[in-house]
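Novice: predicted model, plus sequence, below.
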Amino acid sequence: MILQPKRFKYKKVRKGNLRKYIYNSKLDFGEIGLKSLESGLITSTQLEAARQAISRKIKKKGGKIWIKIFPNTPITKKPGEVRMGKGKGNVSHWASKIRGGAIIFEVCGVNKKIAVKAFRTGGAKLPVKTQIFD
């Protein structure tokens, strides 16, 4: 299950720049959360790998997981050995631009010790530094 939007207004978007940090990040649904400490791009496959790792650790004990980010930015790539110019490449995958301090996952209904262990394994799958907080 790779996350990507069903419909989108523009097929290709400009890169833009990532803002540095969000200071007022708080939990909305869960009791324990995983937040990023630095800004960056998280692809849909990385997000899915982290979700699977977290749900594997939590599944036996029950509980609910919320994914707070969605990969809605198309990332384009030109094929290898193609000359410069001739426009922008085709969409290769989808990613989510996140700022430092943004909440990525939330969990509730699980023992805190198990949730911390799950978030450690899930955070290892992501390309940004993460922190567990409650």
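Specialist: The structure has been received and is ready for your questions. Numbers count the residues shown, from 1 in each chain.
Novice: contacts and neighbour counts: CA atoms only from here.
Specialist: OK.
Novice: what's the helix or strand for residue 53?
Specialist: In the assignment (DSSP states H and E), residue 53 maps to helix 44-58.
Novice: other SSEs contacting that helix?
Specialist: strand 90-98, helix 112-123 (3 or more CA pairs under 8 Å, 6 or more residues apart in numbering; DSSP states H and E).
Novice: turn the ones you listed into TSV, including mean neighbour count and distance to residue 37.
Specialist: Shown next, in TSV, are the helices and strands packed on helix 44-58 (neighbours: other CA atoms under 10 Å; distance: least, CA to CA, whole Å):
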stretch	mean neighbour count	distance to residue 37
strand 90-98	18	10
helix 112-123	19	11
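Novice: so for the helix holding residue 53, mean pLDDT?
Specialist: Mean pLDDT, computed over helix 44-58, is 95.
Novice: which parts of that helix are buried?
Specialist: Along helix 44-58, these residues count as buried under the neighbour rule (16 or more other CA atoms under 10 Å): 44-55, 57-58.
Novice: can you list contacts of it?
Specialist: Contact with helix 44-58 is made by 1-4, 65, 71, 93-96, 110, 114-115, 117-119, 121-127, as judged by CA atoms under 8 Å, 6 or more residues apart in numbering.
Novice: helix or strand next in line after it, which one?
Specialist: Using DSSP H and E, the helix or strand that directly follows helix 44-58 along the chain is strand 64-67.
Novice: partner strands of that next one, with direction?
Specialist: strand 103-108 (antiparallel) (DSSP bridges).
Novice: and for the strand it pairs with, what's in contact with it?
Specialist: Residues outside strand 103-108 that contact it (CA under 8 Å, 6+ apart): 25-27, 29-36, 63-69, 115.
Novice: quick one, that strand and helix 44-58 angle?
Specialist: 20 degrees (axes from the mean of the first three to the mean of the last three CA atoms, to 10 degrees).
Novice: which residues touch stretch 31-42?
Specialist: Residues from elsewhere that reach stretch 31-42 (CA under 8 Å, 6+ apart): 18-21, 27, 71, 95-109, 112, 115, 119, 123, 126-134.
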